[in-house]
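> predicted model and sequence follow; I will ask about them next.
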Amino acid sequence: MVYPPSTSLRSEGLGRHLAEFLYAAQSRNDISFVIACPSWLRAELLRLFAEFNIHPETFLVISPIRQPWVLSIYELLYSLRNKPTRKSKFTCIREYLSTIISRLIFRISLWLAGARNREDIALVAVSTIMLAVLSPFILVTKLALFFIQKLVLIPRKYSFRLIRIMNSFRLSSMFDILLTYLYPLMTEAEAVMLVDMINDRDDVISWYSPTAFWPWFNKIKAPHCMCVPDVVLTAFPVSFALSGNARMVEAFNRIGHSIRSGTHFITYSETVKWNTLVNEYQVHPNSINVIRHGSNCMDKQISDGITVLGSSISNSFCYSLFKSALSKSCNPNALTGGLNVKFKFIFYASQIRPNKNVLSLLKAYEYLLRKKNIAHKLVLTGNPKSISSVSDFIMDNNLQYDVIFLNGISNRELAACYRLADLAVNPSFSEGGCPFTFTEALSVSTPVVMAQIAVTEEIIVDSELHQLMLFDPYEWKDMAERIEWALNNLGYLLKVQSPHYEKLAARTWRNVVDDHIVLFDEIAKEHSSKA
Amino acid sequence: MWLINYTSVHKAEIRMLKEAGVTEIFLPKNYPSDLSFRDLSVDFSEDSNLSIPACDLEILNETDWYDSPSLLAWEVANLHFEMLFFVLTPSGKAFENISHNFKGSVILRAYGESGLISYSKRLKEFEIHSSKNLIESLGRRFWFAQAYPHLHQSESDYLARRAISLPLIFPEKSVDYTWQGTGKKILLFCPDIVTDESSAQAYLNFTADFSNLPYVIAGTQSIQVNDPSVLGKISSDELQKTICQIRVVFCYESKQDPIYHNLFDAISLGIPIVFMANGLLDTLARKRLPGSCKSIVEARRKITRILNDDWGLINRIKKSQAELINSINLSTCVNSWNSGLSRIRKESNEWRSIPFPVSKRKKRIAVIIPVEYRGGSLRGAKLLAQAIVIGSTLSGDAVDVVLGYLNGSVDDPTSEFADLDKNVKVRPYKWTVLSPYQAYQSVIYACLDFELNQEQYQIPDDGMNHFLDCDLWIFISDRIEYSLLPLRPYICMIFDYLQRYEKVLMHQERLADQILNTAHKSNRVLVTTEFTRQQALNYAGLPSEKVYLVPMLAPEFNSGASEEELSNSDYFIWTTNSASHKNHVKAFEALSIYYESLDGKLKCHLTGFNTLALTKSDQPYLKPVANMWLSNPVLRSRLKFLGELPDSTFQRKLSNAAFLWHPARMDNGTFSVVEAAHLRVPSLSSDYPAMREIDKQFSLNLSWMNPFDSNDMALQLKKMEIYSDSLRQKLPSKSTLESQSLRNLASKYWEVIRQCL
């Protein structure tokens, strides 16, 4: 796993998926697992283990022993930069100077950590010379302008204009360009070190990568297999381009490179296998295995341990967890003290990303609230500011007191949200496998309505259930009608969905792990026969 | 299928195919008479080796494989052949057709054509939605068969990945030494100097680099060059004789340039070649030859020595050239061809045998109204959406249709779109403008590959996924302000080119340019009149194969009075809006004459969008109307402004009218005349092409007037007043009108649209 620094494994679906996998894997006494990760991921991995009750001793974790010292400096600078204090102008100037020097040291350090060819060295050298030449000039000019302004030698409005011109020529923009280039180098330096550590071992029969972000993975000499959950950017190109992350192009190209240089693949669905890997990347289908998710049962997160289902779940415990979750609302003003936590709500656990179709859900909700007079709030996970059209819609439609976004909630809090919601909804346009929403919600006896997308239709094959719970995600009115019907028929929907849930719940994460092990064995055999 | 007619490579490569075990080869019998196709010939010799039925061979032989072969021809090709070799043609049409239709191995034979930077770049320039996608959709059936081992190095990843070496072959020849070199001149092979930009540049460079030295230029010239040293078209025997007399050949070459076969012919005759280093000759020789030069100065020095009888250098160069001939002769290349063709067969067959799952997803087509159209254009969009649903259903390929309209452009969407089929979903949208970098990112993420050279791009934003859930976009008109980011193939439905006749785009040069660009970059353009088709070809300059004439679609109206019923109405209807081409001034003048000079009896009821304030408008072209209105009390007493009426009210009003008046100057015509005919009301229309075509298609028997002559307009109004009852008898019957119903015409639309899916 070569997730970048500051990744929170616990807050994303992939992390939960990984945790479920590891939790189940620890029950296989006949197999040992090795996790190879960068130095910076060790601590996060341990936190994930703790939250999901995974015994750290079960897994041998290998990684470079110490975190790169440049990363430590970066973290220190980051914490300094984000310190919320009001400073005097003198302090600002002093800090500005010290930041420049520190950043310079940091960039050079980054280069030391990652540089490996002449172009990198040349770029850093030229940049350093440029900074050395330009810094005094800019600083002197800024200081001069500052004093000129203080002495009122030129009218204030002109001096402001001059300062604005100088500000547009800030060093930070040059730093950003360098950061874009150097940051991946540091990651690569770590990854290369990790691959060397992996290649030094001969006791591992097969290696597995849970995502396709890391082309270095294919440099592992032992048999290896890469999971491609999905390549969502290809389906939502404009929305992701508008999201403004310039580094995404590089990440996207890395995925393409990883897939094209890979040998064995796992997907969660036939849809991703055929539509993405075969049709878009021309991967031969024989080298792709579909291993479906296990069921994500949330009941164990909120049960008091006496029994497994139903009665063992204490609603008062859930409410206390829910209260705690509400304290993580992105709009705390909407939830002032004394809020009745026992309100009715519809729940969507998700990230706020273009493929998650949050805007259509908001349109459907607004229609149900204002035209159909439902009493429910809408509770979502994620930060609405991730997509401006989402936050704009909420403000433009005065929904800030009815739509609640919870950011960074724990797994238990998530389970409580599912449990207390009247209805779970998932309007996502695109996923790698059937959304976890179905098993997560039904595991705590909350019915679900979901978008009719190919990965869901692979799992929800019963035509009656199909009719009852699926809607066209491109038609918000269809979504609204389905939600309205479900709210009016909660008991019936739950009754119809429960047997299907029981069937799906029979596929445990232990089954998922077993499927993987069988595949890894096959790959290892194939590898040894070729050798 | 060897769809390549190059004479120079033909025999050797066919022979090589046979050496590699290919026993039956089809050779095309038609090729384009285009300047860009040089050195082509037809060969029937392989027909006798084909075991396919004679009738099938006849179909194949009659087909122009460089253009658009029929579906029948493709059926035959797919039945009998497993591999298809082709070269890129200037339009890319052959490539598009082959990619869509051939089911076996699709092999792009790459010789590195003259002046070409790379094949990827040429593919990008084609007016095809995305060549990259088209190639990737072929999976491992596609091959980039390079004649020189380095060609893939300058290609994009999607081509380079599919590169396979089938080296250039030269007929088995050893160097003979018939060359004497008595004429102290330099020979340069440089065909088509006038018509080929890279040849022209080579010619100019050569005459500058080797000024004062005698030279001869060989190579076929499509247009004669005003230089006595250019040989022009000569027979191969004559060329051979010339080469034997010339002292030295010079050759410019880079990694991208081809080696002309002539050059190898010359080498085989024993003439020394002086050439620029690091090109193909060096690559083929795999070492630096004595004729190789790193600079023009060096080349000039060597050539001068050769011209000055330095036989030591001449003999060294001649001797070294034997290796060049060896590098491309049949026995050297046979192994590469054998292994290459085996790999093509194996991987392609494996790919073809994959049981691809059948997609359950219905195709989805977006019909997008790009500006805030009301009235006829909005109605046209709805009709097109309906036609697609009906046409696709009738053909058994039912699709979903999404009708996109601009946010806020329709007052009450629910009632406006209530009459649409349930398979037509309605979706509001807004335009989003993208910076070049955002556009670039979008193209990268969408795995597409096309040129981006505009400052801004725009894309319809439905708040979900920018209509990317749809497989095809159809825009109702070409009025798109910035360059459209074409992440999907798109069709433009163009009703007219009003800007050619009216000052509707004055001082909006960028928009005027953009409108034409939008159509040029589309996959198809649909027009509903022959007149507009002619404008598309002659004004917009669109290629004829892109423009499709489809029948006009008229809404389905309820029939009104019976055919025998006579009118006793005291008014006629004038449907219009406030646009300048509606000819208000002449119409008002005509009305004045009609009432004041011709004692007109019928009142005029004026309806349409934005017409209530017609006489109070600030528009300069409406000022005379306001003046006439104020100064003419008769007009004020006889003219009644009804404004924009709901359809039902309008139809009631129209059905009671004596006739309908359409005095516009020029546009795509009005369907109000069809509606009037349904309601048994005759019409008087301005005489212009679109209305003539409506009259013909619907057999309306319209009455005509000259829209530029107010006297004639008034006179015709008077005639209508007198003869409207008899004209009513000439209106088309109900069955005639029904023959032009949406259901009967929808298939014509679907035939064109399905080609883009």
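That came through, no problem. Residues are numbered from 1 along each chain as shown, chains lettered A, B, ... in the order given.
> I'd say A:Val403 and A:Ala364 touch.
No - taking contacts as Cβ atoms under 8 Å, A:Val403 lies outside contact range of A:Ala364: 11.8 Å. Backbone N, C-alpha and C define where each C-beta goes, glycine included.
> write out the residues of the stretch 201-350 of chain A neighbouring chain B.
A:233-242, A:246, A:248-249, A:252-253, A:260, A:270, A:274, A:278-280, A:282, A:284-285 (Cβ under 8 Å from any Cβ of the partner chain).
> which of the residues you listed count as buried?
Among these, those classed as buried by 16 or more other Cβ atoms under 10 Å in any protein chain shown are A:233-242, A:248-249, A:252, A:270, A:274, A:278, A:280, A:282, A:285.
> which of those fall within helices?
Of these, the ones assigned to helices by DSSP state H are A:237-242, A:248-249, A:252, A:270.
> will you turn the residues you listed into TSV that also has pLDDT?
As requested, these are exported to TSV (pLDDT from 0 to 100):
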residue	pLDDT
A:Pro237	93
A:Val238	93
A:Ser239	91
A:Phe240	91
A:Ala241	91
A:Leu242	89
A:Met248	84
A:Val249	86
A:Phe252	90
A:Glu270	94
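> could you dump those residues into TSV and include distance to B:Gly112?
Formatted as TSV, those follow (distance: Cβ to Cβ, whole Å):
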residue	distance to B:Gly112
A:Pro237	33
A:Val238	36
A:Ser239	40
A:Phe240	37
A:Ala241	35
A:Leu242	40
A:Met248	35
A:Val249	30
A:Phe252	31
A:Glu270	42
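> which of those sit farthest apart?
Farthest-apart pair in these is A:Leu242 and A:Glu270; separation 30.5 Å (Cβ to Cβ).
> those residues of chain B touching chain A, which are they?
Counting by Cβ under 8 Å from any Cβ, chain B sits next to chain A at B:136-137, B:139-140, B:161, B:350-351, B:354, B:356-357, B:360-361, B:402, B:425, B:427, B:432, B:434, B:437-439, B:441-447, B:459, B:461, B:463-466, B:468-469, B:485, B:487.
> PyMOL command for the buried members of these?
Here is the PyMOL command that selects the buried residues among those (16+ other Cβ under 10 Å):
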select buried, chain B and resi 136+139+140+351+402+425+427+432+434+438+439+441+442+443+444+445+446+447+459+461+463+464+465+466+468+469+485+487
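> inside strands: which ones of the residues of chain B next to chain A?
B:402, B:425, B:427, B:432, B:434, B:459, B:461 (DSSP state E).
> and the fourth one, what does it touch?
Spelled out, it's B:Thr432. Contact partners of B:Thr432, counting by Cβ atoms under 8 Å, 6 or more residues apart in numbering or on different chains, are A:238, A:242, B:458-461, B:466.
> so where does B:Phe275 fall, helix or strand?
Here B:Phe275 sits within strand B:273-276, counting by DSSP states H and E.
> got a list of contacts for that strand?
B:248-254, B:263, B:266-267, B:281, B:291-294, B:296, B:299, B:302-303, B:306, B:317, B:321.
> the same query, at a cut-off of 7 Å, please.
B:248-253, B:263, B:266-267, B:281, B:291-293, B:299, B:302-303, B:317, B:321 (Cβ atoms under 7 Å, 6 or more residues apart in numbering or on different chains).
> distance between that strand and the chain's centre?
Mean C-alpha position of strand B:273-276 versus that of the full chain (Cα atoms, centre = their mean, to the nearest Å) differs by 41 Å.
> ok, stretch B:146-160 next?
In terms of Cα atoms, centre = their mean, the centre of stretch B:146-160 is set 27 Å apart from its chain centre.
> just the CA atoms of that stretch, as PDB, please.
The C-alpha coordinates for stretch B:146-160 follow below in PDB (Å, rounded to 0.1, in the frame of the first residue of the first chain):
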ATOM      1  CA  GLN B 146       5.300  -0.400 -39.400                       C
ATOM      2  CA  ALA B 147       7.600  -0.700 -42.400                       C
ATOM      3  CA  TYR B 148      10.500   0.800 -40.500                       C
ATOM      4  CA  PRO B 149      11.400  -0.200 -37.000                       C
ATOM      5  CA  HIS B 150      11.500   3.200 -35.500                       C
ATOM      6  CA  LEU B 151       8.100   4.500 -36.700                       C
ATOM      7  CA  HIS B 152       6.200   3.800 -33.500                       C
ATOM      8  CA  GLN B 153       8.700   6.000 -31.500                       C
ATOM      9  CA  SER B 154       7.000   9.100 -32.700                       C
ATOM     10  CA  GLU B 155       3.500   7.800 -32.200                       C
ATOM     11  CA  SER B 156       1.000   8.200 -29.300                       C
ATOM     12  CA  ASP B 157       0.900   5.400 -26.800                       C
ATOM     13  CA  TYR B 158      -2.300   3.900 -28.200                       C
ATOM     14  CA  LEU B 159      -0.600   3.300 -31.600                       C
ATOM     15  CA  ALA B 160       2.800   2.500 -30.300                       C
END
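> for burial, what's the neighbour tally of B:Asn212?
With neighbours defined by other Cβ atoms under 10 Å in any protein chain shown, the count for B:Asn212 comes to 5.
> got a pLDDT number for B:Asn315?
We note a pLDDT of 88 for B:Asn315 in this prediction.
> next, count neighbours for it.
Look at B:Asn315: counted by other Cβ under 10 Å, it has 12 neighbours.
> so what touches the helix or strand containing it?
In the assignment (DSSP H and E), B:Asn315 maps to helix B:311-327. With contacts defined as Cβ under 7 Å, 6+ apart, helix B:311-327 is touched by B:170, B:173, B:175, B:264, B:267-268, B:270, B:272-273, B:281, B:284-285, B:289-291, B:302, B:305-306, B:332.
> in that helix, which residues are buried?
B:313-314, B:317-318, B:320-321, B:324-325, B:327.
> gap between it and the chain center?
Worked out by Cα atoms, centre = their mean, helix B:311-327 lies 49 Å from the chain centre.
> now the most centrally placed residue in chain B, nearest residue through space, not along the chain?
Computing the C-alpha centroid of chain B and ranking residues by Cα atoms, centre = their mean puts B:Lys546 first, at 4.5 Å. Distances taken as Cβ to Cβ, 6 or more residues apart in numbering or on different chains place B:Val525 nearest to B:Lys546, at 5.6 Å, with adjacent residues excluded.
> name the nearest residue to the residue in the stretch 601-750 of chain B that chain A sits nearest to, ignoring sequence neighbours.
Nearest residue of the stretch 601-750 of chain B to chain A, counting by Cβ to the nearest Cβ: B:Trp750, 22.5 Å away. In space, and not counting its chain neighbours, B:Trp750 is closest to B:Gly391: 2.8 Å by Cβ to Cβ, 6+ apart.
> neighbouring contacts of the helix or strand that neighbour falls within?
Secondary structure assigned from DSSP H and E places B:Gly391 in helix B:375-394. Residues from elsewhere that reach helix B:375-394 (Cβ under 7 Å, 6+ apart): B:365, B:367, B:369, B:398-399, B:401, B:403, B:420-421, B:423-424, B:474, B:476-477, B:493, B:495, B:553, B:555, B:577, B:609, B:670-671, B:742-743, B:745-747, B:749-750, B:753.
> are any of those buried, and which?
Judged by 16+ other Cβ under 10 Å, buried ones among the contacts of helix B:375-394: B:365, B:367, B:369, B:399, B:401, B:403, B:420, B:423-424, B:474, B:476-477, B:493, B:495, B:553, B:555, B:577, B:609, B:670-671, B:742, B:745-746, B:749-750, B:753.
> what sits against the closest residue to chain B within the stretch 401-531 of chain A?
Residue of the stretch 401-531 of chain A nearest chain B, by Cβ to the nearest Cβ: A:Tyr474 (5.6 Å). With contacts defined as Cβ under 7 Å, 6+ apart, A:Tyr474 is in contact with B:464, B:469.
> tell me where the stretch 151-300 of chain A has helices.
For the stretch 151-300 of chain A, the helices defined by DSSP state H, counting those that start in this stretch occupy A:156-168, A:171-199, A:237-242, A:248-261, A:270-271, A:299-302.
> other SSEs contacting the helix or strand that the strand holding B:Phe275 is followed by?
Moving toward the C-terminus from strand B:273-276, the next helix or strand (DSSP H and E) is helix B:280-285. Applying 3 or more Cβ pairs under 7 Å, 6 or more residues apart in numbering or on different chains; DSSP states H and E, we find helix B:280-285 packed against helix B:311-327.
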